[in-house]
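In: have a look at this prediction, sequence included:
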Amino acid sequence: MLLNFKLKNFKSFGNETVFTMLSSMQKAHSDYIINKTIFGNKLKVLPMSVIYGANASGKSNIILAMYLLKSMVLEGTLDCKQLEDYKSVLSFIRDHRWYEPIELEITFSTSNNIYKYGLQFTDIDDYNITKEYLFINDYKIFDRDKEKNIQIPINYLVKKGFIKKNEEEFAHILLYKLNSSLSAKKLVISGAINNLINGNYFNEILEWFDKFNVVMNANDMVFQQKDLKTIINQDVNNKKDVRTKIFESESVKEIMGFAEFGKQKIGFAAETDRDDLSMCSMYRIPLENDELMDTPYYISMIVDSELMESKGTIHLIRLLQPFIDVLVNGGVVVLDEMDASLHFEIVVSLIRIFNNKELNKKGAQLIFNTHNPIYLDGELLRHDQIVMVEKNKVTLTSDIYALSDYKLRPEERILKNYMAGKYGALPHMDLEIAFKHILERLERKEK
C-alpha cells in the first residue's frame with residue numbers, strides 16, 4: 001500500500017509537499033478504511049484518493065513524479081528513456097531552486113514491512129544522483145551522499161538481523177567495492193546491495209514497484225486482457241502463411257452487457273500470439289428484416305473498434321484488466337485524467353468498488369485526478385479522500401491539502417461549496433471577457 005509520497009523542487013512543487021494516503025481522524029465512512037498492523041505499526045490507509053485542481057495547478061505533476069520514480073527504480077538508473085525528454089525542466093524553474101536537486105520520497109508497505117525510499121538528483125544538462133537512502137521499518141539500511149559515497153551501518157544492521165553475523169566481513173568488502181565503482185546515474189537500491197541484506201527485502205521492494213501501476217496517458221496503453229479464448233482463426237488475404245486470430249474476453253463481455261454499449265460483440269485481433277492486441281467490433285447483420293436478430297441468415301462483420309466505438313468504450317476496456325489485476329493481487333493504480341471520455345456513473349462505480357471491502361479484499365488503491373465535481377459527494381468519498389491542488393498566484397508554487405483539513409461537518413454540502421469557491425482549487429476564468437477582447441481586436445483590424 002502507498003502511505004506517503006513526498007516531492008520537493010519538482011516542476012511546480014517548489015516547496016516540500018506530501019501527498020498522503022493515511023486517513024485523518026474523520027469518523028464518517030470508517031468502513032472504507034484499510035486497517036493493517038505492520039511491524040507493530042497500526043495503519044489506517046485510504047483505498048482511494050481523488051485529486052482536484054484548476055488547469056496548470058500541478059495535479060498531473062504529482063502523478064508524473066510517481067511515474068518517473070517508479071521508472072528509475074525498475075530501470076536501476078537515471079539513464080532511462082522515461083527521463084529523456086525532461087532534462088533541465090523537472091526542477092522548479094521560477095527562481096534559484098532550478099539549480100537545486102529534485103527530491104522524491106516514497107513510503108509504502110508490504111504484508112510484513114514498511115519501506116521509505118528517497119532519491120535526490122539534478123537535471124540541469126545532465127542527470128546525477130546527489131542523495132539516496134532507504135529505511136526498512138524505521139531502520140536505516142543505507143545512505144548515499146552528494147560525494148557519491150554509500151554509508152551502511154553494518155555493525156548496527158548485524159545486531160538487528162539485517163546482515164548475518166558470519167557475513168559481517170563480507171559486508172565491509174562489498175561496501176568498499178560498491179563505493180569504488182559507484183556511478184552518478186546508477187541507483188544503489190537496484191544494484192549489488194541486495195546481496196548484502198539478509199532476507200527478501202529488495203525483492204519485496206521491486207515487486208511492489210512492479211505493481212505500482214502509474215499511467216500518464218491511457219491512450220498509450222495496450223490491451224492486456226488475460227482471459228482470452230480464440231473464437232476465429234482466419235486467413236488474411238488468402239495468404240496461408242499469415243493468419244489473424246480473433247479472441248474474446250469474458251470480463252469484457254460482462255462489462256459490455258452491464259454498460260449497455262450496444263448489441264455488438266467486442267473482440268481482440270492479433271496475427272501472432274506475440275503481437276499486441278487490437279480491439280475490434282463484431283456485428284451480426286441479418287439478411288432479412290428481422291428486428292429480433294434471430295434469423296439463421298446473416299453476415300458477420302469485423303470492424304476496427306477505433307472506427308465504430310466511442311472513445312469512452314475503448315478507454316474503459318483499456319483500463320479493465322489493470323483494475324482486475326490490482327483487485328485480485330493488490331497494488332496501486334494511479335491514473336492521470338482517468339475519467340476522460342468516461343461517463344460519470346462508470347467512475348462512480350469504480351470509486352465504490354475500491355471503497356467496498358467485500359470487493360477490494362486485497363487492499364488495492366486507486367488514485368486519479370479530475371476536473372469533474374460530481375464525485376464531491378459526502379456519501380461517495382470521505383473528506384480525506386478529496387485532495388486539492390492549488391497554485392499560489394504570487395510564488396507560482398503548488399500546494400496540496402485535503403478537504404479534511406477544513407474539519408467539515410458530515411452534512412456539509414461539499415459540491416455546492418466547492419462550486420462557490422469555498423475550498424479553493426477552482427479555476428476562476430471568465431472566457432467571455434477574453435473572447436470579447438479578441439473579437440473586438442479582430443473587428444478593429446478589419447476596419
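Out: Here it is on my side, so go on.

In: what residue ranges in the stretch 151-300 of the chain score low on pLDDT?
Out: Along the stretch 151-300 of the chain, the parts satisfying pLDDT under 70 run over 234-243, 259-261, 273, 288-297.

In: all strands for it, in order.
Out: Per DSSP state E, counting those that start in this stretch, the stretch 151-300 of the chain carries strands over the ranges 212-215, 228-236, 239-249, 265-270, 278-286, 298-304.

In: run the chain-centre distance for stretch 329-345.
Out: Here the centre of stretch 329-345 is set off from its chain's centre by 9 Å, with Cα atoms, centre = their mean, to the nearest Å.

In: ok, residues contacting that stretch?
Out: Counting by Cβ atoms under 8 Å, 6 or more residues apart in numbering, stretch 329-345 makes contact with 1-2, 59-60, 63-64, 66-67, 208, 211-218, 310-312, 315-316, 319, 322-323, 325-326, 347, 362-370, 372, 374-375, all of which sit outside it. (C-beta placed from N, C-alpha, C; glycine too.)

In: quick check: longest helix of the protein.
Out: Once the chain is assigned using DSSP state H, the helix that runs over the most residues is helix 311-329.

In: any idea of the angle it forms with strand 265-270?
Out: Using axes from the mean of the first three to the mean of the last three Cα atoms, to 10 degrees, the direction of helix 311-329 lies 80 degrees away from that of strand 265-270.

In: His371 reaches Tyr52, doesn't it?
Out: Yes: using Cβ atoms under 8 Å, His371 is in contact with Tyr52, at 7.5 Å.

In: neighbour count for those two, which is higher?
Out: Under the neighbour definition other Cβ atoms under 10 Å, His371 and Tyr52 were set side by side, and Tyr52 has more, 24 against 14.

In: list of residues touching the host helix or strand of the more buried one?
Out: Per DSSP states H and E, Tyr52 falls inside strand 48-53. Strand 48-53 has contacts (Cβ under 8 Å, 6+ apart) with 21, 59, 62, 351, 354-355, 365-371, 373, 375-376, 381, 385-391, 418, 425.

In: take those residues and keep only those in strands.
Out: Members of the contacts of strand 48-53 lying in strands (criterion: DSSP state E): Gln365, Leu366, Ile367, Phe368, Asn369, Thr370, Ile386, Val387, Met388, Val389, Glu390, Lys391.

In: what's opposite the fourth one in the beta bridge?
Out: Counting by DSSP bridges, Phe368 is bridged to Val50, Leu335.

In: burial check on it, number of neighbours?
Out: Counted by other Cβ under 10 Å, the residues lying close to Phe368 total 23.

In: where in the stretch 1-150 of the chain is pLDDT low?
Out: In the stretch 1-150 of the chain, residues with pLDDT under 70: 148.

In: where exactly do the helices run in it?
Out: 59-75 (DSSP state H, counting those that start in this stretch).

In: strands of that one, start to end?
Out: Using DSSP E, counting those that start in this stretch, strands in the stretch 1-150 of the chain cover 2-8, 17-20, 34-38, 41-45, 48-53, 102-109, 114-122, 128-136, 139-144, 150-151.

In: contacts for the second one, please.
Out: Spelled out, that is strand 17-20. By Cβ under 8 Å, 6+ apart, the surrounding residues in contact with strand 17-20 are Leu3, Asn4, Phe5, Lys6, Leu7, Lys8, Ile62, Val387, Ser398, Asp399, Ile400, Ala402.

In: swap the cut-off to 6 Å and go again
Out: Asn4, Phe5, Lys6, Leu7, Ile62, Ile400 (Cβ atoms under 6 Å, 6 or more residues apart in numbering).

In: in a markdown table, list these along with distance to Glu254 and neighbour count.
Out: Output for these, formatted as a markdown table (distance: Cβ to Cβ, whole Å; neighbours: other Cβ atoms under 10 Å):
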| residue | distance to Glu254 | neighbour count |
| --- | --- | --- |
| Asn4 | 36 | 14 |
| Phe5 | 34 | 22 |
| Lys6 | 40 | 19 |
| Leu7 | 39 | 26 |
| Ile62 | 33 | 27 |
| Ile400 | 37 | 22 |
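
In: closest one of those to Leu277?
Out: The nearest member of the contacts of strand 17-20 to Leu277, counting by Cβ to Cβ, is Ile62 at 30.6 Å.

In: show me the beta-bridge partners of Lys391.
Out: Beta-bridge partners for Lys391, by DSSP bridges, are Ser398.

In: can I assume it is in contact with Thr397?
Out: No: using Cβ atoms under 6 Å, Lys391 is not in contact with Thr397, being 7.0 Å away.

In: contacting residues for Lys185?
Out: Contact analysis of Lys185 by Cβ under 6 Å, 6+ apart lists Thr77, Leu78, Asp79.

In: could I get those residues as CSV with neighbour count?
Out: Shown next, in CSV, are these (neighbours: other Cβ atoms under 10 Å):
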residue, neighbour count
Thr77, 18
Leu78, 23
Asp79, 15
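
In: of the contacts of stretch 329-345, just the buried ones, PyMOL syntax please.
Out: Of those, the buried ones go into a single PyMOL selection, burial set by 16 or more other Cβ atoms under 10 Å:
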select buried, resi 1+2+59+60+63+64+66+67+208+212+213+214+215+216+218+312+315+316+319+322+323+325+326+347+363+364+365+366+367+368+369+370+375
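
In: tell me the centre residue of the chain?
Out: Nearest to the centroid of the C-alpha atoms of the chain, with distances taken as Cα atoms, centre = their mean, sits Val334, at 2.0 Å.

In: if I look at that one, how far off is Ile106?
Out: Val334 sits 12 Å away from Ile106, going by Cβ to Cβ, to the nearest Å.

In: check Arg413 too.
Out: 35 Å.

In: what do you get for Glu207?
Out: Look at Glu207 and Ile106: by Cβ to Cβ, they are 15 Å apart.

In: now swap in Ile351 and tell me
Out: Separation of Ile351 from Ile106 (Cβ to Cβ): 24 Å.

In: before we move on, what about Gly14?
Out: In this view, Gly14 and Ile106 are 19 Å apart by Cβ to Cβ.

In: confidence score at Gly378?
Out: In this prediction, Gly378 carries a pLDDT score of 66.

In: and if you look at Glu306?
Out: Reading off the confidence values, Glu306 has pLDDT 90.

In: what's the nearest residue to it if we skip its chain neighbours?
Out: Closest residue to Glu306 apart from its sequence neighbours, by Cβ to Cβ, 6 or more residues apart in numbering: Ile314 at 7.1 Å.

In: do the same with Phe121
Out: In this structure, Phe121 finds its nearest non-sequential neighbour in Ile129, 4.9 Å apart by Cβ to Cβ, 6+ apart.

In: number of nearby residues for that neighbour?
Out: When neighbours are counted by other Cβ under 10 Å, Ile129 comes out with 23.
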